[in-house]
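Participant: no sequence for this one, just the structure:
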C-alpha cells in the first residue's frame, strides 16, 4: 500500500482563493485519468464537421467570418472576459459589460463560466504545490497531453473543496450561461448562416471551435515546456514560459511566465515588444469609461516565492520536435 502524500504550499505562496484543502491528505498528485464524455464528444463532433465540411465549403467569405469571430471571442471573451475579469478580477467594469464579455468567452466553446473557474483554479492550485499530476502541469508528451486535455479529466483521490464566491455563484446570468453553455452557439450560428450560408455555419462555428480549443491546448503545453523565463516561482511544481512572437496570435496569453509571476495583473505583456491585444482592448474600454481599476505588477502585493532570474535561460524549443 502506498504511503500517504502530504503536500503543503510553499511558505508565502499565493493562494487560490476558491480552492480549500479538505484535509492534510488533500493533494494534486494522486488521481485517475478518466474519459469525459461531454468534453470528448463535443470536441470530436465539431472536429468531424470541420474536417469533412471545411474542405468542401472553404471560401474567402466563410474563412473571413471564422477569423473575425475567432478574434472577437478569444480577445474580448476568453482572455478579457473569462480569464482577466471573471477568474482573476484584474479590473472592474459595469455589470452589462461583464456579461457581454463573459458571454463571448462562453462562445469560445470550452465550457460554462463556473466550469472555467473550476478548471482554471484547480490547475493554478495544483501548479503551486511542490508536486502535481502531469495532467495539471502539461508535462506529459505532447500527444498524450492533447488526448488528456481534449477527451479526459483527472479525478483526484483527495481533491480540494471548490467554493465560488456567493456574488458569482448566485448570479442568474452566470447560472444561465453555465446551464446552457452549448446553446450559446445558436445565435452566432444563425448570424454565420445569414452572412455566408452553410459554409459560414461550418467555418463560423465548428472550425472556429476546433481551432480555438486546439490552440488553447497547444499554447498551454508550450507555455509550460518551452520558451523563455524572467521569473522563477520557488516551490511550484511547474514553471511558466514566455513564448516570443506569439503575442498577436494568442491575444497576449503567450506571456505565461509573466502570468505565473503576476497572476492578478490585467496586463500580460510586460516588456517592450511583448504584444498583448487583450491589454490593448482593455485600454480602449478604459478610455471609453467602460472599465477601470486595472491591476498591474506595480499595484499588486509582493510574493515571497517570486524570484527574478539573472538572465533568461536558453530556449528549450527544440525539445518539442524531439518528443
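Facilitator: On my side now, so go ahead. Only a predicted model underlies this, so the values are computations on that prediction, with no experimental measurement involved. Residues are numbered from 1 along each chain as shown.
Participant: so residue 232 lies in a helix, does it not?
Facilitator: No. Under DSSP: H, G, I helix; E, B strand; the rest coil, residue 232 falls outside any helix and is assigned strand.
Participant: so the nearest residue to it once chain neighbours are set aside: helix, strand or coil?
Facilitator: Spatial nearest neighbour of residue 232, excluding adjacent residues (C-beta to C-beta, 6 or more residues apart in numbering): residue 307 at 4.8 Å. C-betas here are computed from N, CA, C, even on glycine. Look at residue 307: counting by three-state DSSP, its state is strand.
Participant: for residue 307, give its distance to residue 233.
Facilitator: 8 Å (C-beta to C-beta, to the nearest Å).
Participant: same question for residue 101.
Facilitator: 28 Å.
Participant: can you check residue 173 too?
Facilitator: For residue 173, the distance to residue 233 - C-beta to C-beta - is 35 Å.
Participant: so the two - more neighbours on which side?
Facilitator: Counted by other C-beta atoms under 10 Å, residue 173 and residue 233 do not tie: residue 233 has more neighbours, with 22 against 14.
Participant: quick one: that one and residue 259 touch, right?
Facilitator: No. If you go by C-beta atoms under 8 Å, residue 233 and residue 259 don't touch, sitting 10.9 Å apart.
Participant: show me what contacts the closest residue to residue 91 other than its chain neighbours?
Facilitator: Of all residues not flanking residue 91 in the chain, residue 294 sits nearest, at 4.2 Å (C-beta to C-beta, 6+ apart). Contact analysis of residue 294 by C-beta atoms under 8 Å, 6 or more residues apart in numbering lists 90-91, 266-267, 282, 286.
Participant: so can I have CSV of those showing secondary structure?
Facilitator: Converted to CSV, those look like this (three-state DSSP):
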residue, secondary structure
90, coil
91, coil
266, coil
267, coil
282, helix
286, helix
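Participant: out of those, the closest to residue 228 would be?
Facilitator: Closest approach between the contacts of residue 294 and residue 228, by C-beta to C-beta: residue 267, at 17.9 Å.
Participant: quick one on the thing from earlier: shared neighbours of residue 233 and residue 259, anything?
Facilitator: By C-beta under 8 Å, 6+ apart, the residues touching both residue 233 and residue 259 are residue 240.
Participant: wouldn't residue 139 be in contact with residue 224 here?
Facilitator: Yes. Look at residue 139 against residue 224 with C-beta under 8 Å: they come within range, at 7.1 Å.
Participant: shared neighbours of those two, anything?
Facilitator: The contact lists of residue 139 and residue 224 share residue 238, where a contact means C-beta under 8 Å, 6+ apart.
Participant: and those two? which has more neighbours close in?
Facilitator: residue 224 (21 against 16).
Participant: sketch out the low-pLDDT regions of this protein for me.
Facilitator: 1-15, 312-323 (pLDDT under 70).
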